[in-house]
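**Student:** just coords:
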Ligand SMILES: Nc1ncnc2c1ncn2[C@@H]1O[C@H](COP(=O)(O)OP(=O)(O)OP(=O)(O)O)[C@@H](O)[C@H]1O
Ligand SMILES: [Mg+2]
């Protein structure tokens, strides 16, 4: 009970402060919490309202998934090929790091127009480096003893990868998924503003252009709620439920 | 010329160096089918190297390694049906005991899911861990973990089992208990067993024959047969006599305990 008391107090204080600020601000500049929730409710219940949420969630998931697959494949390749390691080290990773995501978004708009591909690829490019760097790092920390044990039973590299190496990377993949998703949720807003005619980011920009401040706050609240559900809910659940086994003294601390 | 039908492992004039370091300088010995042979030698003389070569884990410079009549070749083409128990249990921390035992079967063939469950269960029973099948490595003691590793090694029914100081790092009580248990499993499974140890008493207690190695560059100093029937007493005039002989072979140099990892 006491553990919940302080966070609850903080949230109540936050809402109260918001309300007081809204009441004292020049009319219309800052909607109060109730107005914000009402605006969000109206947007969501409008025709196709929920579709915009759905399409954004879909893009975030698919984009992160594509980025994850690309990052993992490249990261794994660094272990098996000197050429791949050199390419990742001196071209691919620096390129992903150095080019601002918005630049990718603009290039994708030029290539694909206002199509689903644009925000999805933008998210993929933003999420990929997290998976790449984590898998790449993880590959360097692999427990050589376990791999020697596995290779005493088989010469099949794929089987060793699937049964021993990838599971050893789970903690790294988990960290990558966490950062990757968090970045995806942030980058989906500009990606949809520039590169789409649907989705929560697009709706946000429409509200902005027509100066509907309550709607801007409403969509922002929607983003915040979804991200909180993800970060605190899903990842904490997976962390507590599945990651414990990996955090045993058997696993070498890096 | 040994008859390939009766020898599980034949090693002839084996040489191996790491870069400029000459380690094995012409080693020849064999392990008969169903025999229990111990390798005893000073620290760093290449005991682990011999097992790694015989298990096909690393290449060698020259010589011949024949398992069940088949030459494994310098470049380890093909995998023989052998298993290794290492000094550390080397269990996967995310798998429980049963799944860890099952791992070797999964790695050997493309078996998915519940295939081999009966074999896994009987291997766990053989090492006395039936009640801990669902436990994770971090919930098991050092001795129990090594038993899981032993079960993982025997579940594949290897032609020859290699063990590299499997009991180093365990306390005395656990060691003696597991020595007897390994001997029991060896005779139960009728497997050929090549076991590395740094403890003369352990070798005398377990082995049919003891291969005593010199320091680097390594050759065989002596091969000692132990004739006394099992179960063997821990202390008898014969044991003391053998131990004295072995210590005499090392005259001054210590047989050396490798640091626990
Ligand atoms: N991969 C390697 N590269 C270079 N030198 C090595 C390598 N592996 C082993 N050595 C060296 O070869 C020698 C023999 O090593 P090995 O591990 O086979 O000895 P050992 O008899 O098992 O020793 P211990 O009693 O410590 O277990 C040692 O001097 C070791 O430093
Ligand atoms: Mg060794």
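**Tutor:** All right, it came through fine. Predicted model, so just to flag it, every value in this text is computed and none were measured. Numbers count the residues shown, from 1 in each chain, chains lettered A, B, ... in the order given. Ligands and ions are numbered 1, 2, ... in the order given.

**Student:** Mind naming the longest helix for chain B?
**Tutor:** If you go by DSSP state H, chain B has its longest helix at helix B:172-189.

**Student:** Okay, angle between whatever helix or strand comes next after it and helix B:172-189 too, please.
**Tutor:** Remark: after helix B:172-189, the chain's next helix or strand is strand B:192-197, criterion DSSP states H and E. In terms of direction (axes from the mean of the first three to the mean of the last three C-alpha atoms, to 10 degrees), strand B:192-197 departs from helix B:172-189 by 160 degrees.

**Student:** OK, contacts around residue A:117?
**Tutor:** residue A:108 (C-beta atoms under 8 Å, 6 or more residues apart in numbering or on different chains). Yep, even glycine has a C-beta here, placed from its N, CA and C like the rest.

**Student:** Could you check how far it is from residue A:192?
**Tutor:** Between residue A:117 and residue A:192 the computed distance is 13 Å (C-beta to C-beta, to the nearest Å).

**Student:** what do you get for residue B:57?
**Tutor:** Counting by C-beta to C-beta, the gap from residue B:57 to residue A:192 is 53 Å.

**Student:** Of the two, which one has the most company?
**Tutor:** Higher neighbour count among residue B:57 and residue A:192: residue A:192, with 28 against 17, using other C-beta atoms under 10 Å in any protein chain shown.

**Student:** nearest residue to the more buried one other than its sequence neighbours?
**Tutor:** Spatial nearest neighbour of residue A:192, chain neighbours left out: residue A:201 (2.8 Å); criterion: C-beta to C-beta, 6 or more residues apart in numbering or on different chains.

**Student:** pretty sure that neighbour is in a helix, no?
**Tutor:** Yes: looking at residue A:201 with DSSP: H, G, I helix; E, B strand; the rest coil, it is inside a helix.

**Student:** got the contact list for it?
**Tutor:** For residue A:201, the contact set (C-beta under 8 Å, 6+ apart) comprises A:56, A:119, A:188-193.

**Student:** Per-residue confidence, residue B:73, what does it come out as?
**Tutor:** Confidence at residue B:73, expressed as pLDDT, is 78.

**Student:** got it, and residue A:178?
**Tutor:** The model reports residue A:178 with a pLDDT of 89.

**Student:** what's the distance between it and residue A:21?
**Tutor:** 32 Å.

**Student:** Looking at the two, which is more packed in?
**Tutor:** It is residue A:178, of residue A:178 and residue A:21, that has more neighbours when counted by other C-beta under 10 Å, with 18 against 12.

**Student:** Where does the more buried one sit: helix, strand or coil?
**Tutor:** helix.

**Student:** Nearest residue to it in space, please, no chain neighbours.
**Tutor:** Nearest one to residue A:178, counting by C-beta to C-beta, 6+ apart, is residue A:235 at 5.5 Å.

**Student:** Would you confirm that the one you found contacts residue A:179?
**Tutor:** No: counting by C-beta atoms under 8 Å, residue A:179 is not a contact partner of residue A:235; they are 10.5 Å apart.

**Student:** Low-confidence stretches in the chain?
**Tutor:** Because you didn't say which chain, this covers chain A. A:1-2, A:242-254 (pLDDT under 70).

**Student:** that's the other chain; I wanted chain B
**Tutor:** For chain B, the ranges with pLDDT under 70 are B:1-4, B:74-79, B:110-115, B:252-261.

**Student:** Pick out the residue nearest the middle of it.
**Tutor:** Nearest to the geometric centre of chain B sits residue B:163, at 1.8 Å (C-alpha atoms, centre = their mean).

**Student:** Identify the neighbouring strands of the helix or strand where it lies in the sheet and state each direction.
**Tutor:** Per DSSP H and E, residue B:163 falls inside strand B:160-164. With DSSP bridges as the test, strand B:160-164 is paired with strand B:82-85 (parallel), strand B:192-197 (parallel).

**Student:** So which elements touch the one helix or strand residue A:69 maps to?
**Tutor:** Here residue A:69 is covered by helix A:49-80, with elements defined by DSSP H and E. Helices and strands touching helix A:49-80, by 3 or more C-beta pairs under 8 Å, 6 or more residues apart in numbering or on different chains; DSSP states H and E, are helix A:33-45, helix A:82-87, helix A:117-140, helix A:166-195, helix A:200-209, helix A:213-228.

**Student:** Please consider this matter closed, and thank you.
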